[in-house]
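Asks: the sequence and its predicted three-dimensional model are supplied below.
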Amino acid sequence: MRVLTFAAIFLMGGLSLATVATSETLDRGKRPTDKIAADLNISEEVFIECFSNVRPDRNHNPSGAKQKANKAVLLPCLQAANPEISNRLLDDVMDRYRPEGPMRRS
């Protein structure tokens, strides 16, 4: 009985952590991940997973180096799910849903 109780606690903890991680990802930029994913022709889960490795700038004004570093992480991950995603398409889609408006290009 103890094993079953511990297993249930462990499972619930894992689900809670997954929910927190997803919520944190969604809240970090208040991006509509469902719409972004649809526009990129990938699942929302794939977008969330790929974006979880991106480190957005807190002030929404990343340096050119930070933009390139984030893109170097995000683009290949997304392209693994849909090879038709280009740099230009990703920029256009992300700009469309960026709460603070289109990103400056550097």
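Replies: The structure has been received and is ready for your questions. The shown structure was predicted, so the numbers you read here are calculated from the model rather than taken from an experiment.

Asks: now the helices for the chain?
Replies: 2-29, 33-40, 44-51, 64-81, 87-97 (DSSP state H).

Asks: pick out the shakiest of the ones you listed, pLDDT-wise.
Replies: Of all those, mean pLDDT reaches its minimum on helix 2-29 (a mean of 49).

Asks: gap between residue 89 and residue 63?
Replies: 23 Å (C-beta to C-beta, to the nearest Å). No exception for glycine: its C-beta is placed from N, CA and C like everyone else's.

Asks: looking at these two, which is more packed in?
Replies: Applying other C-beta atoms under 10 Å to residue 89 and residue 63 shows that residue 89 carries more neighbours, namely 16 against 10.

Asks: not counting sequence-adjacent ones, nearest residue to the more buried one?
Replies: Leaving aside its sequence neighbours, residue 89 sits nearest to residue 40 (C-beta to C-beta, 6 or more residues apart in numbering; 7.1 Å).

Asks: hang on, the one you found packs against residue 82?
Replies: Yes. With contact defined as C-beta atoms under 8 Å, residue 40 reaches residue 82; the gap is 6.3 Å.

Asks: neighbour count winner among the two?
Replies: Set side by side, residue 40 and residue 82 give different neighbour counts by other C-beta under 10 Å, the larger being at residue 40 (21 against 14).

Asks: any idea how far the more buried one lies from residue 74?
Replies: According to C-beta to C-beta, residue 40 stands 11 Å off from residue 74.

Asks: now for these two: what residues contact both?
Replies: Common contacts of residue 40 and residue 74, defined by C-beta atoms under 8 Å, 6 or more residues apart in numbering, comprise residue 90.
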